[in-house]
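**Student:** Just a sequence and a predicted model for now, questions to come.
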Amino acid sequence: MKVAVIGGGWAGLSAAVTAVRQGHKVSLFEASATLGGRARTVRHPALGTTVDNGQHILLGAYTATLELMHSLGISIADSFHKLPLSVRSADGKLVIHALPYLPPPLHIAAGLLGARGLSWPEKNAALRIMHHLRQNDWQTPRAATVQEWLTLALQPSRLQHLLWKPLCVATMNTPVEQACAQLFANVLRDSLGASRREAGNMLIPRRGLSELWPTRVLELARKDGLDPEGKGTLEIITGNTVHTIHTKSDADATRSHAAHPAAGPRFMLDDHPQSFDAVVVCCNTPSAARLLASLPACPGSRGFLKDLQAFEHSPIATLTLLLEQAMSLPAPMLLLHEDRQRGHYGQWLFQGQGAERRLMHIVVSDAQALMSMDREKLASAMVEQLGEQLRHARLPPIGRRALIVEKRATFLAVPGLKRPANRTPWPGVWVAGDWTDTGYPAVLEGAVRSGRDAALQMDAQLQQRP
Ligand SMILES: Cc1cc2nc3c(=O)[nH]c(=O)nc-3n(C[C@H](O)[C@H](O)[C@H](O)COP(=O)(O)OP(=O)(O)OC[C@H]3O[C@@H](n4cnc5c(N)ncnc54)[C@H](O)[C@@H]3O)c2cc1C
């Protein structure tokens, strides 16, 4: 069958690879010139080198992503720095390390007990909330925000400030006052609470995000090497924004539907010459809503579009510094203490890839407050912050710097958000993306699982057609 996938982010690519392996002829349409969507490598003119659009971390629990990469012949060991769970601040005052030689969950408990920078009551409170979560099968009070849940669980305010708030903002890109406690608990379940120690590891890409696996899909697609049985094919069309989806022609559709009621409609995209048996829409919610609104209304379609329009988004900013001399950090990622009054917005510092250890990235999640600020002043204040907090070495002179802001980095993960499943009210049309009902906030693994699941469901339904 012929399948159109719209969007070449991690969800779209995952859907495309899965559909090809089910034996379909897939055409993937991507608006931008490169694949990867919100997790891609870009050439930055101010830096004169390629960098990712934002630092990404994966978890050992991201099984769908790791399996997909493995199936594409990519070595996981060569692709990531694998770190046991740890939090270490740049000033060295807070150090928490899971103890890798102890079995889960003791490795976390022992890590918390041995943490530097937390008082005994704070360690006790952290252990208590973890124990409580585990006992309650990782369920939090219904519709609670992270802040409400932390208050209810009597977490001391210094512990909230030092640990829970930075972790929540980093994983959900949503401030604790708004973030959904249940989604945060799901992230904790798969990291701190993982029963397999490997699952709790943090994976930091060693290569650019596009190179991790999206370009491998392109390479295999060109060689027709994605489907071992040789039936499925993938055509990738970049630089092509799709504006409308329509059924072949109303008259044709009615006639063919009358002749074969189970045949289903055929779809056309803008004026593209081909028609398709099914479409998987893998764009972000505003774009998906616009595309789906171009289809004829059907029962349930208005409510579906309304749910998509209810999503709000939150930016992430990344300040990249190209240093004049190499500098090694004591860990691939370090926690920075934020002080927004002083313009010290940096939350995490990452050692960049390549460039002889001269690249550093300072990440600011929940970055709405930065949007109206003077970027030069902002960058200078964050460099000052780094100079103050980095204790292990003096920051070398900075040759170049660039601030990349992703305005719609992720959706705001608030309680009660209605996240759709892959199936839509339009027969023959599926959706995929990190915003579908994945049980995760907006993360790569959610995108990959969603793409895979949409393609499997689509295949199951296409198999039933005559
Ligand atoms: C700065 C930043 C940091 C992040 N950090 C992390 C992290 O550490 N860990 C983590 O797991 N996740 C992180 N995320 C989230 C992660 O990047 C996303 O969850 C994931 O990339 C979403 O993939 P997707 O395929 O669902 O959507 P997208 O990547 O948005 O893909 C949608 C694609 O559709 C294309 N498109 C849109 N409209 C059309 C159209 N009409 N026609 C054709 N193409 C169209 C777009 O160009 C895009 O390529 C981060 C995101 C950002 C921005």
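**Tutor:** Structure received.

**Student:** near the ligand, which residues of the stretch 201-350 of the chain?
**Tutor:** With C-beta under 6 Å from any ligand atom as the criterion, the stretch 201-350 of the chain meets the ligand at residues T241, V242, C282, C283, N284, S287, L291, I316. For every residue, glycine as well, the C-beta is placed using N, CA and C.

**Student:** If we use 8 Å, what do you get?
**Tutor:** If contacts are counted using C-beta under 8 Å from any ligand atom, the residues of the stretch 201-350 of the chain sitting beside the ligand are 240-243, 282-284, 287-288, 290-291, 316-318.

**Student:** Could you say whether L118 sits in a helix, a strand or coil?
**Tutor:** Using DSSP: H, G, I helix; E, B strand; the rest coil as the criterion, the local structure at L118 reads coil.

**Student:** Kindly report the same for V363.
**Tutor:** At V363 the chain is in strand, as set by three-state DSSP.

**Student:** just L462 next, same as before
**Tutor:** helix.

**Student:** Contacts only, for the closest residue to the ligand within the stretch 51-200 of the chain.
**Tutor:** When distances are taken as C-beta to the nearest ligand atom, the stretch 51-200 of the chain reaches nearest to the ligand at G54, 2.1 Å away. G54 makes contact with R38, A39, I316, T318, V363, I404, E406, A409, according to C-beta atoms under 8 Å, 6 or more residues apart in numbering.

**Student:** Write the PyMOL selection for whichever of these are buried.
**Tutor:** Buried residues among the contacts of G54 (16 or more other C-beta atoms under 10 Å), as a PyMOL selection:
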select buried, resi 38+39+316+318+363+404+406+409
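
**Student:** Could you export the contacts of G54 as TSV, including pLDDT and secondary structure?
**Tutor:** Rendered in TSV, the data for the contacts of G54 read as follows (pLDDT from 0 to 100; DSSP: H, G, I helix; E, B strand; the rest coil):
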residue	pLDDT	secondary structure
R38	97	coil
A39	97	coil
I316	98	strand
T318	97	strand
V363	97	strand
I404	94	strand
E406	96	strand
A409	97	strand
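
**Student:** Of the contacts of G54, just say which sits nearest to A170.
**Tutor:** Distance from A170 was checked for each of the contacts of G54 by C-beta to C-beta. The minimum falls on V363, at 7.8 Å.

**Student:** Just put the contacts of G54 in a markdown table and tack on distance to L72.
**Tutor:** As requested, these are exported to a markdown table (distance: C-beta to C-beta, whole Å):
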| residue | distance to L72 |
| --- | --- |
| R38 | 20 |
| A39 | 16 |
| I316 | 27 |
| T318 | 27 |
| V363 | 28 |
| I404 | 27 |
| E406 | 26 |
| A409 | 26 |
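
**Student:** give the contact list for D459.
**Tutor:** Residues counted as contacts of D459 (C-beta under 8 Å, 6+ apart) are T18, A19, Q22, H24.

**Student:** Distance of the closest residue to L192 other than its chain neighbours relative to K223?
**Tutor:** Across the structure, with C-beta to C-beta, 6 or more residues apart in numbering as the measure, the residue nearest L192 apart from its sequence neighbours is I108 (5.2 Å). As defined by C-beta to C-beta, to the nearest Å, I108 lies at a distance of 44 Å from K223.

**Student:** Those two: which has the busier surroundings?
**Tutor:** I108 (24 against 7; other C-beta atoms under 10 Å).

**Student:** In stretch 403-412, which residues have enough neighbours to count as buried?
**Tutor:** Of the residues in stretch 403-412, those scored as buried under the neighbour-count criterion (16+ other C-beta under 10 Å) are L403, I404, V405, E406, R408, A409, T410, F411, L412.

**Student:** actually stretch 276-295, not the one I typed
**Tutor:** In terms of neighbour count (16+ other C-beta under 10 Å), stretch 276-295 has its buried residues at 276-285, 287-289, 291-292, 295.

**Student:** Same question for stretch 152-168.
**Tutor:** Burial within stretch 152-168, assessed by neighbour count using 16+ other C-beta under 10 Å, is assigned to A153, Q155, P156, L159, Q160, L162, L163, W164, K165, P166, L167, C168.

**Student:** so which of the residues you listed also contact the ligand?
**Tutor:** The overlap between the buried residues of stretch 152-168 and the neighbourhood of the ligand (criterion: C-beta under 8 Å from any ligand atom) is empty.

**Student:** need these in TSV with pLDDT, can you?
**Tutor:** Converted to TSV, those look like this (pLDDT from 0 to 100):
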residue	pLDDT
A153	97
Q155	97
P156	98
L159	97
Q160	97
L162	95
L163	95
W164	96
K165	96
P166	95
L167	95
C168	97
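
**Student:** quick one: which of those is nearest P396?
**Tutor:** P396 lies nearest to P166 out of the buried residues of stretch 152-168, by C-beta to C-beta, at 25.9 Å.

**Student:** List of residues touching the helix or strand where the closest one lies?
**Tutor:** Assignment of secondary structure by DSSP states H and E places P166 within helix 165-172. Contact partners of helix 165-172, identified using C-beta under 8 Å, 6+ apart, comprise 87, 146, 174-176, 179-180, 183-184, 187, 335, 338, 347-348, 363, 365-366, 410, 413, 441, 443.
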